[in-house]
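In: The sequence and its predicted three-dimensional model are supplied below.
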Amino acid sequence: MKYRELMKEENDSVRERYELALERIKGIKVEAAVKEVYRDYFIRTAAFIEKAAAFLALAEEDRLKDLTLEELSALNRELYEDILPDNYEESYANPAYAVQKLGKTGRLLSYLYSEIRGMIVYAAENRLFSITIYAELFIEVYNYLEEEDEYSYKDVKRAIYDFNMDYCSDIIEYRTRELLDEDLSFAADIIEGWDLKDLRYLYQFGEYIGENERRIAEFLNNLPEEEIKAMAFTYTDGYRRGFLAANIDLTRKKTVNIRYHIGFERMVKYAIRNFAQMGLKPVIYRMAVDSNNKRQQLRLGYHSCGPNYQYDYDHRFDIGLYMDKAFHERRLQSYKGAFEKYRDKAALYAGPSLIQIFGEKNFIPRVKAEAVKLDKRQQKLLVAFQRDSNMVYYQYIKGDETSFTIIAYPVPEIGSRFEEIFRETVKVNTLDNDTYKAIQQNIIDCLDRGEYVRVKGTGKNRTDLKVMLPELQNPEKETIFENCTADVNIPVGEVFTSPRLTGTEGTLHVSRIFLNGLEYIDLSITFKDGMIAGYNCGNFSREEENKSYMKENILYNQETLPIGEFAIGTNTTAYVMAGKYGIWDKLPILIAEKTGPHFAVGDTCYKMSEELELFNPDGKKIIAKDNEVSILRKTEIEKAYFNCHTDITIPYDELAEITVVEKNGKETVIIKDGRFVLAGTEKLNEAFS
């Protein structure tokens, strides 16, 4: 059944409620029932809902395809204009402005408006139920604040709380269905049904379409078909080879989740065809727009660059308005129920396949006192939900039965040399696997003899780390490090392990780094027995703000994390590319981690697939999949995982040495003053010349 027909059936049951709510909201625009202080908010929000309703009518009647490119562009801007940076300071979506105008109730009303703004994408997808329930919540809050009544802040907050308790299961069930059900083919229908040279297709998604989206689509349209096919092949073949490397039977699976950036549809169209040859249908869901399903400001799903990163950052913890123990339990139960309902489809899910982008302007967030924050109790509840929901996820989607792949490309915002950088990135993404496989094996052979590795920074870099290695019992048949070529993790270029925590200690430091879209200046983390014992950065003048920033966005509100991975990146070509074009601050983690040693804080790379036997190309079995924390999965699984994994790379130019120290005291240097010196690795230095 086509997506539009599917949604028409589901919308019939809620049509009358929607029409009644919309009629009431139209009346709000012209009446003066609320106190003066709130009147502007309700008039402007009601006007927005009417815009969303008009957009819905166009989408439901399939009339968006009849509009010109200019008309679609104007409509898109109109829907997003009040949260664009130039207008955001006086938008009720901005919690600072809302609190300034409306007092403490402004925080609640800013949250409400942010949730209501999700109506844009619900309208594009013909999701009448989602629009209706938020419209009804808006009316309920309006009624509480009518002038003749004397309701309080607590009453409005209670309405928001009750709403989320009442609709939690519906919201989470649909999100889970998006992950698993190929019949929810909204994005796939656009990609496969439109002539992608007609850029009007971009405006069918409902996402904000800016210069990056338009220009990357135009750029890809002008590339020869064979180049697009080659890009798609690199991406999908990496996915296929990931299953082969892990000896997982892909033929048992039926769906693959494609996550990508809008503008890359021409490549995705060929990828869908390639996946079809593997027996896989696409499930393509967008980044969450509701507070119930968001994971902070992270972009999980297909998306555009968006209208305003500060807006996303301001609302990253809106769930804190209604998160308590009862809601946590309700949310978790809803999550379990959704996966149970779609358990048959979950068994057929092969895993995600990601196309990331890089090159956007650096975002340095403003931390606003008016934005919702989590208290300590809520932080613990959020950590508990992430842990427990992941256990549910892996109960239905087995980690040792799925795989993934990730690849990245630049967007035009990276600068005037975009086309050169794009072609260089394609080159980096297609470096010869066999060449790197042989070089990396030399590094692994050296590391396998070690008791620990010493890593030291140079110049202003204060890194001084002792990284303990697991002990090999059978060196002839076993290995500690994985020889990583370009399959699940494109581009090629690293060897990695799960280090032994006991005895791992010291300081990790980088002068400047971007992690998940956020900048960190003078970042340092100290470790004791492999666990984070202290952390700081230099982003803000107050130490308290620096530590809060890192706790929220690197530790994800947890008190500590282990070192889950130690790796040595070998992709000197990517390193030189970054220097040549001055894009060090733009590289995604996916590429940056290949340009020096890196350390991941959080889970190991083998989370929930530790029992799957893996072998390097030389035939040796990889045995270092656990550490002293992850091994608790066998006795106290709730303590074994942290549901995060953040790679922090030391670039070659900040690196004094990487030295392997054996039990007998023998030392072998792998990298000295930013260059590879181990025998058999000299070829890696050619990129520097």
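Out: Ah, there it is.

In: Could you tell me which residues make contact with Y92?
Out: 41, 44-45, 98, 101, 106, 109-110, 113 (Cβ atoms under 8 Å, 6 or more residues apart in numbering). (Glycine included, C-beta is placed from N, CA and C.)

In: Would you mind checking the residues you listed for buried ones?
Out: Neighbour-count burial (16 or more other Cβ atoms under 10 Å) applied to these gives 41, 45, 98, 101, 106, 109-110, 113.

In: Just the closest of those residues to H509, please.
Out: Out of these, the one with the shortest distance to H509 is S110. That distance is 37.5 Å, counting by Cβ to Cβ.

In: Please parse this protein into its domains.
Out: Described in terms of automatic domain parsing, the domain architecture of the chain consists of the residue ranges 3-167, 186-195+224-406, 432-688.

In: The longest one: end-to-end distance?
Out: For domain 432-688, the first-to-last residue distance is 18 Å (Cα to Cα, to the nearest Å).

In: Kindly report the same for the second one.
Out: Taking Cα to Cα, the first and last residues of domain 186-195+224-406 lie 23 Å apart.

In: longest helix of the chain?
Out: Scanning the chain for the helix with the most residues, using DSSP state H, yields helix 153-180.

In: how far does that one sit from the chain's center?
Out: Its chain's C-alpha centre and that of helix 153-180 lie 22 Å apart, by Cα atoms, centre = their mean, to the nearest Å.

In: Give me the buried stretch members for it, please.
Out: Under 16+ other Cβ under 10 Å, the buried positions of helix 153-180 are 156-157, 159-161, 163-164, 167-169, 171-180.

In: Can you point out the buried residues in the very next helix or strand once past it?
Out: Counting by DSSP states H and E, the element after helix 153-180 in chain order, helix or strand, is helix 186-193. Buried residues in helix 186-193, counting neighbours by 16+ other Cβ under 10 Å, are found at 186-188, 190-191.

In: hmm, which two among the residues you listed are most spread apart?
Out: Largest pairwise distance in these, by Cβ to Cβ, is 10.0 Å, between F186 and I191.

In: I133: which of the buried residues of helix 186-193 is nearest?
Out: Nearest to I133 among the buried residues of helix 186-193 is F186, at 19.3 Å by Cβ to Cβ.

In: Tell me, how many residues neighbour S334?
Out: Number of residues near S334 (other Cβ atoms under 10 Å) recorded here: 21.

In: What would the strand or helix carrying it look like as CSV? C-alpha coordinates only.
Out: The secondary structure element spanning S334 is helix 325-341 (assigned by DSSP H and E). Once side chains and other backbone atoms are set aside, the C-alpha atoms of helix 325-341 remain, and they are given as CSV (Å, rounded to 0.1, in the frame of the first residue of the first chain):
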residue,chain,number,x,y,z
LYS,A,325,9.8,8.5,37.8
ALA,A,326,6.2,7.7,36.8
PHE,A,327,6.8,9.1,33.4
HIS,A,328,10.1,7.2,33.0
GLU,A,329,8.3,4.0,33.8
ARG,A,330,5.4,4.9,31.4
ARG,A,331,7.9,5.7,28.7
LEU,A,332,9.9,2.5,29.1
GLN,A,333,6.7,0.4,29.1
SER,A,334,5.6,2.1,25.9
TYR,A,335,9.0,1.4,24.3
LYS,A,336,8.7,-2.3,25.3
GLY,A,337,5.1,-2.5,24.0
ALA,A,338,6.1,-0.9,20.7
PHE,A,339,8.9,-3.4,20.0
GLU,A,340,6.7,-6.3,21.0
LYS,A,341,4.1,-5.1,18.5
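
In: Quick one: mean pLDDT over it.
Out: Taken as a whole, helix 325-341 has an average pLDDT of 97.

In: need the next SSE after that helix, C-terminal direction.
Out: Next in line after helix 325-341, if elements are assigned by DSSP H and E, sits helix 343-346.

In: remind me which residues of the stretch 251-400 of the chain are low pLDDT?
Out: Confidence mapping of the stretch 251-400 of the chain against pLDDT under 70 gives zero matching residues.

In: returning to what we had before: with distance to T504, pLDDT and secondary structure added, can I get the buried ones among the contacts of Y92 in CSV?
Out: Output for those, formatted as CSV (distance: Cβ to Cβ, whole Å; pLDDT from 0 to 100; DSSP: H, G, I helix; E, B strand; the rest coil):
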residue, distance to T504, pLDDT, secondary structure
Y41, 53, 97, helix
T45, 52, 98, helix
A98, 46, 98, helix
K101, 51, 97, helix
G106, 47, 96, helix
L109, 48, 98, helix
S110, 44, 98, helix
Y113, 47, 98, helix
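
In: sorry, back to before: in JSON lines: the contacts of Y92, plus distance to N616.
Out: Compiled in JSON lines, the contacts of Y92 are given as follows (distance: Cβ to Cβ, whole Å):
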{"residue": "Y41", "distance to N616": "61"}
{"residue": "R44", "distance to N616": "60"}
{"residue": "T45", "distance to N616": "58"}
{"residue": "A98", "distance to N616": "56"}
{"residue": "K101", "distance to N616": "61"}
{"residue": "G106", "distance to N616": "57"}
{"residue": "L109", "distance to N616": "57"}
{"residue": "S110", "distance to N616": "52"}
{"residue": "Y113", "distance to N616": "53"}
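
In: for these, which one is nearest I131?
Out: Minimum distance to I131 across these is 13.6 Å, recorded for T45 (Cβ to Cβ).

In: Name the residues of stretch 623-632 that are buried.
Out: Applying a neighbour-count criterion of 16+ other Cβ under 10 Å, the buried positions in stretch 623-632 are 623-627, 629-630.

In: rounded to a whole number, what's the mean pLDDT of whichever strand or helix holds S73?
Out: Assessed by DSSP H and E, S73 sits inside helix 69-80. In this model, helix 69-80 has an average pLDDT of 98.

In: got a list of contacts for it?
Out: Helix 69-80 is contacted by residues 51-52, 55, 64, 67, 120, 199-200, 203, 208-209, 307 when judged by Cβ under 8 Å, 6+ apart.

In: Then stretch 168-184?
Out: Applying Cβ under 8 Å, 6+ apart, the set of residues contacting stretch 168-184 from outside is 1, 3, 6, 127, 129-130, 133, 188, 254-255, 257, 281-283, 285, 288, 290, 292-293, 327, 330-331, 333-335, 337-339, 341-342, 345-346, 349.

In: how about the domains of the chain, which one is nearest S416?
Out: Counting by Cβ to Cβ, S416 lies closest to domain 432-688 out of these; the figure is 10.3 Å.

In: so how far is the closest one off the chain centroid?
Out: Using Cα atoms, centre = their mean, the distance from the centre of domain 432-688 to the centre of the chain it belongs to is 20 Å.

In: And for stretch 345-355?
Out: Centroid separation for stretch 345-355 versus its chain: 16 Å, with Cα atoms, centre = their mean.

In: What's the biggest strand in the chain, counting residues?
Out: When the chain is parsed with DSSP state E, its longest strand is strand 500-515.

In: Could I have the CA atoms of that one written out in PDB?
Out: Provided in PDB are the C-alpha atoms of strand 500-515 (Å, rounded to 0.1, in the frame of the first residue of the first chain):
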ATOM      1  CA  ARG A 500      42.300  -3.000  29.800                       C
ATOM      2  CA  LEU A 501      41.000  -0.500  32.200                       C
ATOM      3  CA  THR A 502      43.100  -1.500  35.300                       C
ATOM      4  CA  GLY A 503      46.300   0.500  35.200                       C
ATOM      5  CA  THR A 504      45.200   2.800  32.300                       C
ATOM      6  CA  GLU A 505      45.800   6.300  33.600                       C
ATOM      7  CA  GLY A 506      46.900   9.800  32.700                       C
ATOM      8  CA  THR A 507      45.600  12.800  30.800                       C
ATOM      9  CA  LEU A 508      44.000  13.100  27.400                       C
ATOM     10  CA  HIS A 509      44.200  16.700  26.000                       C
ATOM     11  CA  VAL A 510      43.400  18.400  22.700                       C
ATOM     12  CA  SER A 511      43.600  22.100  22.000                       C
ATOM     13  CA  ARG A 512      40.500  22.300  19.900                       C
ATOM     14  CA  ILE A 513      38.000  19.600  18.700                       C
ATOM     15  CA  PHE A 514      34.500  19.300  17.400                       C
ATOM     16  CA  LEU A 515      32.400  16.400  18.700                       C
END
